[in-house]
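I'd like to go over a predicted model; first the sequence, then the structure.
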Amino acid sequence: MRGAHVAEPLDKRFREAVCAVVVTHNRLACLRRTLEALRPFGVATVVVDNASTDGTGAWLRGERGVAVLALRENMGGGGGFAAGMRWAIARGFAWLWLMDDDVEPLPGALEAYARHAAPGVCLTPSKLTARGEVFEFEGRLDWRTLRRRRLPHAKVFGAGDAVPCETACFEGLFVDARLAAGIIAPWERFFLAWDDILFGMLAAKTGRNLYIRDFCVRKQFDKERPLVGGLRYHSSLFGRYFHLRNFCFVIRMVRARGWGGGLAWLRYAAEWAKACALTVLAERDWRGVRVLALAWWHGIHGDSEGAFGLVLPPRVPRGEGLLLE
C-alpha cells in the first residue's frame, strides 16, 4: 500500500507548526483511541468537547499535553470544527489536522502530508475502513447536480501521488491554516451534514484541494446506513433533517456564486422523496414527514445576512419534532 511509505525524517519546524483538531461528543472510548494514536506524532492537539455528558470532560482534565476547548452546548461537527480551527489559527499554527473522534491516524501520515504541503493547499488522505478495506474516492463533484462521483481508489491515480479534489471529509483532513481561516463562516452553523463537503468545495475554489494516495487514517468502526432504492441513506430522522436543510443552503450558495447547481433542485427533490420513503415506509413515522418539510422550509427561509452570500440556518425550535438533546 502506498500509505506504507518508509517514514522520512520530518522537519521539526513542520511538526511544531501542526495542530490536530479533534471534535468529540459522548464517545469517550473512541476519543481515547484517537488520542492514543495521535501521541506518537508529537503534534499539538486540541480536543473540542461538544458538551459531552459521559465523563469526557473529567477525563480530559487529567490528560497532559492536550488542550481542551469545552463548549457549553453541543454545536455539532460544524460548530465544533469551526471553534477548534479558530482556536488553532489564533495561536499561530500554520497547519490544521482535522479529525472526528472515531478515526485513528496511521504511522507515516504526517510525513505523507509534509510531502504535499504547500501554501493554500487542502489535503484529503486515502482512508481505510475498520475492516481494513479501502474507501472509494468521492472527491469529484458534478457542479450541475452537486452529486459526488464515486471512483475505485485504484483507478483514481495515474503516475502521480495526488489528484484534484472538490469535496472534503473531516476525517484526517490536513489544511493550510490561512486557507481555512477564509472559508469557515459559511458552514459553522450546519451542526452536521454538508459542513465538510462545503469546506472542500470552497477549498477547491479558493485554493488547491488534493486527494493523496497515502493512507493516513483508519475508521474505528464502520457505520451502516439503511437502504432506500438500493442506496444507503441517513439512519436517523435527525440526520435526514440536517442533510436536507444544509443541502438547500449549499444549493443556494452555489447558484448565487455562479458555480453551477442548475440541476441541483431536481436532485434535492429526489433526496427529499427518498428521505420520506425511508421515514414512512421503513420506520412507519408519518409525523417525521413534517420534520423533513421543515428541513426544506428552514433552508429556504433562513437569515440572508450570512457570509459568502450563504443563508445561515435558524435554530430548530424544540417543539417542532426534533430531539436536540
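Received, thanks. Keep in mind it's a predicted model, so treat the numbers as computed, not measured.

so Asp100 makes contact with Gly84?
No - counting by Cβ atoms under 8 Å, Asp100 does not reach Gly84; the two are 11.4 Å apart. C-beta: built from backbone N, CA, C; applies to glycine.

Now do the shared contacts for these two.
Residues touching both Asp100 and Gly84 (Cβ atoms under 8 Å, 6 or more residues apart in numbering) are Val22, Val23.

This protein: strands as residue ranges?
For the chain, the strands defined by DSSP state E cover 18-24, 44-49, 67-70, 95-100, 103-105, 121-128, 137-142, 147-151, 162-164, 171-176, 208-219, 227-228, 231-232.

Give the bridge partners for Ala44, please.
For Ala44, the beta-bridge partners are Cys19 (DSSP bridges).

show me what contacts Val47?
Neighbouring residues of Val47 by Cβ under 8 Å, 6+ apart: Val22, Val23, Thr24, Leu31, Leu35, Leu60, Val66, Ala67, Val68, Leu69.

Poorly predicted segments of the stretch 101-250 of the chain, please.
For the stretch 101-250 of the chain, the stretches with pLDDT under 70 are 224-235.

Would you mind measuring from the residue nearest to Glu171 when sequence neighbours are not counted to Trp143?
Spatially, and ignoring its direct neighbours in sequence, Glu171 is nearest to Val103 (4.8 Å; Cβ to Cβ, 6 or more residues apart in numbering). The gap separating Val103 from Trp143 is 28 Å, by Cβ to Cβ, to the nearest Å.

Give me the helices and strands touching the longest helix seen in the chain, please.
Taking DSSP state H as the criterion, the chain has its longest helix at helix 237-256. On a contact count with 3 or more Cβ pairs under 8 Å, 6 or more residues apart in numbering; DSSP states H and E, helix 237-256 meets helix 195-206, helix 264-277, helix 288-300.

outside of the shortest one, which residues touch it?
Contacts with helix 195-206, where a contact means Cβ under 8 Å, 6+ apart, come from 76-78, 81, 120, 122, 124, 139, 141, 148, 164-170, 173, 175, 179-180, 182-183, 186-188, 190, 209, 246, 250, 253-254, 259, 308.

Among those residues, name the buried ones.
Burial by neighbour count, 16 or more other Cβ atoms under 10 Å: within these this picks out 76-78, 81, 122, 124, 139, 141, 148, 165-170, 173, 175, 179-180, 183, 186-188, 190, 209, 246, 250, 253-254.

Stretch 184-197: which residues count as buried?
Quick answer for stretch 184-197 (16+ other Cβ under 10 Å): 184, 186-197.

just stretch 54-73 next, same as before
Taking 16+ other Cβ under 10 Å as the criterion, stretch 54-73 shows Thr56, Leu60, Val66, Ala67, Leu69, Leu71 as buried.

could I get those as TSV with pLDDT?
Output for the buried residues of stretch 54-73, formatted as TSV (pLDDT from 0 to 100):
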residue	pLDDT
Thr56	96
Leu60	96
Val66	96
Ala67	97
Leu69	97
Leu71	95
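
Could you save the residues you listed as CSV and add columns showing distance to Trp95?
Below are the buried residues of stretch 54-73 laid out as CSV (distance: Cβ to Cβ, whole Å):
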residue, distance to Trp95
Thr56, 26
Leu60, 23
Val66, 18
Ala67, 16
Leu69, 18
Leu71, 23
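
If we only consider the residues you listed, which is nearest to Phe215?
Val66 (25.0 Å; Cβ to Cβ).

does the closest one really touch Val43, like I thought?
No - using Cβ under 8 Å, Val66 is not in contact with Val43; the gap is 11.0 Å.

so what's Ala67 closest to, chain neighbours aside?
Going by Cβ to Cβ, 6+ apart, Ala67 has Val46 as its nearest residue, at 4.3 Å.

Val21 versus that neighbour, what's the distance?
Counting by Cβ to Cβ, the gap from Val46 to Val21 is 6 Å.

Please enumerate the shared neighbours of those two.
Common neighbours of Val46 and Val21 (Cβ under 8 Å, 6+ apart) are Gly84, Trp87, Ala88.

Among those, which one has the most neighbours?
Counting neighbours by other Cβ atoms under 10 Å, Ala88 leads these with 27 neighbours.

Quick check: chain neighbours aside, which residue is closest to that one?
Cys19 (4.0 Å).

Identify the residues contacting that neighbour.
Val43, Ala44, Thr45, Val46, Ala88, Arg91, Phe93, Trp95, Leu96, Trp97.

Now with 6 Å, please.
Shown in contact with Cys19 (Cβ atoms under 6 Å, 6 or more residues apart in numbering): Ala44, Ala88, Phe93, Leu96.
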